[in-house]
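> Any chance you could fold what I've pasted below:
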Amino acid sequence: MDTVYKNLKFRHELKFLINRHQYYIISQRLKNLIQHDQHADRDGEYHIRSLYFDDIDGSALSEKLGGFRNRCKYRIRIYNMGDQIIHFEKKIKQGDYIAKLKEPLTREMYDVILNGDYEALRQPDKPFMMELYREMKHNFLRPKVIVDYVREPYVCANGNVRITFDKELRTGLHATDIFDRSLRPVPAMDDQLIILEVKYDEYLPEVIRTALQMEGLRQQSASKYVICCKYLKLNSWEDQ
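So this is what the prediction gives:
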């Protein structure tokens, strides 16, 4: 195994596509059981915007659509439209487990990367940065699509559980700058639908499993990246 992956913590990840009625019932139960993530605002939410990358072969998209059990995605992520926290991330999926690598970026680093200068990533003492540098130089990893949504997060220490409701999924038409204030993201799916994600380590406490009523939900491959890519492709065809 590559040294980059040696200390990675892999976790379970379950995804469900639910409607507003299901969301209301489940979220009300969770509010009586566990707490919101400490970074959430007074409404229990925060805003996420990510810029996803793919290589010259479109590997991230094609492997997801092809059902590959081992795959990865690269993205730059910000919160609440601020530039105090900018992360370049790699989400890794191996079978039924997921893990994440990430490195912080400064706003200056982000700007030069977006302008096509990848030398800022060439940091030999940081394996993940060097991986990104090689992907940019040799596999032509490039920005592909903006994914924008509101997240309502809950956490539980037992089992290291994290439950999130991702709402108002949007994308930017032909845009790749996540800090563009003139960007007006458009809905990528029905606003009545919400993506429920459940992440945990070794076990999911029974009380939480009962609150989620998981036996009544159908697990789905609800990839926000794929949903936004499909929306962009459909609208590109309509524009022709």
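
> List of residues touching the lowest-mean-pLDDT helix or strand in the chain?
In the chain, the helix or strand scored least confidently by mean pLDDT, DSSP states H and E is helix 224-239, which has a mean of 78. With Cβ atoms under 8 Å, 6 or more residues apart in numbering as the test, helix 224-239 has contacts from 52, 60-61, 64-65, 73, 75, 144-147, 149, 166, 169, 171, 173-174, 186, 188-189, 195. Heads up, the C-betas are built off the backbone N, CA and C, glycines and all.

> Filter those residues down to the ones in helices?
Applying DSSP state H to the contacts of helix 224-239, the entries found in helices are 60-61, 64-65.

> Most neighbours out of the residues you listed, which is it?
Ala60 (24 neighbours; other Cβ atoms under 10 Å).

> separation between it and Leu33?
35 Å (Cβ to Cβ, to the nearest Å).

> Over to Ile85?
Applying Cβ to Cβ, the value for Ile85 to Leu33 is 28 Å.

> For Gln28, report the pLDDT, please.
Gln28 carries a pLDDT score of 95 in this model.

> What is the burial count for it?
10.

> How about Gly95?
Neighbour number of Gly95 under other Cβ under 10 Å is 8.

> List the contacts of it.
69-70.

> for Lys126, same thing?
Applying Cβ under 8 Å, 6+ apart, we find Lys126 in contact with Glu103.

> Roughly how far does it sit from Arg75?
Going from Lys126 to Arg75 by Cβ to Cβ gives 18 Å.

> Could you do Phe53 as well?
7 Å.

> Check Lys100 too.
10 Å.

> Compare the two (neighbour count), which wins?
For Lys100 versus Arg75, the count of surrounding residues by other Cβ under 10 Å is larger for Arg75: 22 against 14.

> beta partners of the more buried one?
Tyr52, Glu89 (DSSP bridges).

> my read: it touches Arg49, true?
No. If you go by Cβ atoms under 8 Å, Arg75 and Arg49 don't touch, sitting 10.1 Å apart.

> Thank you kindly, that will do.
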